[in-house]
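J.: coords please:
(one chain, ligands or ions: 2)
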Amino acid sequence: MPEQPNPYTPGAGDRPRAFVGRDQQLALAETIRTQLEAGYSANCLLFIGLRGVGKTVLLKEIRDRFAANEWLAVYVQIRPSISVQRAFADVAIRSAEHLKSGSRLRRSLKKMAEQGGGLQVMGQGLSIGGTSVADSYTDLRDVLRTLCMAAQKDGKGVALIVDELQSLKSKLLSELVHLVFELRDDLPLAFIGGGLTYLPAKISRATTSTERLRYEPTDFLSAGDARRAVSEPASERNVSWEKAAIDEVVRLAEGYPYFLQLYAFETWEVARRRGTFSKITTKDVASAIPEVERQLNVGLYGSRFDKLGPLQREYVFAMASLMTANPSKPRERVRSSDIAQALGKTPQDCSPVREGLIQSGLIHSPAHGDLEFSVPGFLAYVDGRREDK
Ligand SMILES: Nc1ncnc2c1ncn2[C@@H]1O[C@H](COP(=O)(O)OP(=O)(O)OP(=O)(O)O)[C@@H](O)[C@H]1O
Ligand SMILES: [Mg+2]
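T.: Ligands and ions are numbered 1, 2, ... in the order given. Below is the predicted model of the structure:
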């Protein structure tokens, strides 16, 4: 029996075999690269979207495209355990080998790595000085300046690609934005980031003069793109989907990239259990649904719900009951003032709970004063948990 490796990639940051629906975002990144190579200024580009829409895979694709054009392209993800500069240093040093041999950029990077402590952020020097280093980007600025100057002589640049920007502390966010603004005045530094939908508000609170950053939404996929995300990885393996089977997956996933991968992955597993297969049918999709639901209940939905504290649970239950007050016509969004009222509290009393839920990416505010759940299907899940109570 020929091997039929499953070509679908449900997960966090797992690169899809067919990367679809992001032409506009990729073109913007390309514009920035060519502007900087021509010696023009280029704006910063920040991709904004809900959890699971594909910000990380987009940023990784952009990193690869810059790297393929001989840029030093460094992707870092904000995490509490590691500073941006440390992460940058680690990745940058490893990238040296991939740069064109003989380029100034490569020589400059290697020299810095050898010097280590000279430029604190590179090599082991970062630990010198202890915690204060993590509170400031002075070293990162110096290193970026040196690398950008080398890259400029090669006619290339440096791309700093930062994911999960919203989780950076306000002070560091403001410092990072300022250092980028300072350097990109006359150097080829591309700054491209990703974050949840409240990132623009957080940036504008954290720092002034950033209204002109370029925010670009990363949305759900159109039905046509969703079809390609499902059909193309299968065709690569000489497997085709029945038209009705794809239609069903596209309908179930509602354009949400993570769901598309999950439904397609589980459907493929069902088909594989039949033995050798070259066609995926609607029956396979139907048989995959219980496993998809199980995965969602323990993973995407359950793991998030179980992390909620008692007040947060109370809040999401109140939100869900307002949404389903008319069961034949559930509402997608509700007023936060109505939730507070339902809980017998003032909106101010609820504010810390609401903010915590927004920061976790579980709910978001699509318009001032309105709230909705950020992940498709979460309302039905919360509703189910409410009945268990
Ligand atoms: N353009 C795309 N085409 C096909 N599949 C995609 C696309 N973008 C993302 N996916 C799939 O969707 C899932 C989520 O992608 P990713 O982890 O990049 O989302 P995210 O926005 O970074 O989520 P989070 O906010 O939780 O970090 C992955 O399974 C990935 O393979
Ligand atoms: Mg991500």
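J.: going forward, measure contacts and count neighbours with C-alpha atoms only.
T.: Fine.
J.: For the closest residue to ligand 1 within the stretch 101-250 of the chain, grab the count of nearby residues.
T.: Closest approach of the stretch 101-250 of the chain to ligand 1 (C-alpha to the nearest ligand atom) occurs at Ala229, with a separation of 5.1 Å. The burial metric for Ala229, expressed as a neighbour count using other C-alpha atoms under 10 Å, is 24.
J.: so how far is ligand 1 from the closest residue to Leu296 other than its chain neighbours?
T.: Closest residue to Leu296 apart from its sequence neighbours, by C-alpha to C-alpha, 6 or more residues apart in numbering: Gly302 at 7.1 Å. Gly302 is 15 Å from ligand 1, where distance means C-alpha to the nearest ligand atom, to the nearest Å.
J.: Is it correct that the residue of the stretch 101-250 of the chain closest to ligand 1 is in contact with Ala18?
T.: Yes. Ala229 lies in contact with Ala18 (C-alpha atoms under 8 Å); the separation is 5.3 Å.
J.: How about the residues of the chain by ligand 1?
T.: Proximity of the chain to ligand 1, by C-alpha under 6 Å from any ligand atom, involves residues 9-16, 18-22, 50-57, 229, 257-258, 261.
J.: and after the helix-or-strand element of the chain with minimal mean pLDDT, which helix or strand comes next?
T.: Least confident helix or strand of the chain, by mean pLDDT, DSSP states H and E, is helix 131-134 with a mean of 41. Reading on from helix 131-134 to the C-terminus, the next helix or strand found by DSSP states H and E is helix 138-154.
J.: For stretch 324-342, give me every contacting residue.
T.: 315, 318-319, 322-323, 346-347, 350, 369-373 (C-alpha atoms under 8 Å, 6 or more residues apart in numbering).
J.: closest to Ala201 among those residues?
T.: Gly369 (14.0 Å; C-alpha to C-alpha).
J.: residue contacts, that closest one?
T.: Contact partners of Gly369, counting by C-alpha under 8 Å, 6+ apart, are 335-337.
J.: buried subset of the contacts of stretch 324-342?
T.: Among the contacts of stretch 324-342, those classed as buried by neighbour count (16 or more other C-alpha atoms under 10 Å) are 315, 318-319, 322-323, 347, 350, 371-373.
J.: Put together JSON lines for those residues, with pLDDT, secondary structure and distance to Gly194 on each row.
T.: As requested, those are arranged in JSON lines below (pLDDT from 0 to 100; DSSP: H, G, I helix; E, B strand; the rest coil; distance: C-alpha to C-alpha, whole Å):
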{"residue": "Tyr315", "pLDDT": "97", "secondary structure": "helix", "distance to Gly194": "28"}
{"residue": "Ala318", "pLDDT": "96", "secondary structure": "helix", "distance to Gly194": "31"}
{"residue": "Met319", "pLDDT": "96", "secondary structure": "helix", "distance to Gly194": "28"}
{"residue": "Leu322", "pLDDT": "96", "secondary structure": "helix", "distance to Gly194": "32"}
{"residue": "Met323", "pLDDT": "96", "secondary structure": "helix", "distance to Gly194": "30"}
{"residue": "Pro347", "pLDDT": "93", "secondary structure": "helix", "distance to Gly194": "30"}
{"residue": "Cys350", "pLDDT": "96", "secondary structure": "helix", "distance to Gly194": "28"}
{"residue": "Leu371", "pLDDT": "97", "secondary structure": "strand", "distance to Gly194": "22"}
{"residue": "Glu372", "pLDDT": "95", "secondary structure": "strand", "distance to Gly194": "21"}
{"residue": "Phe373", "pLDDT": "96", "secondary structure": "strand", "distance to Gly194": "20"}
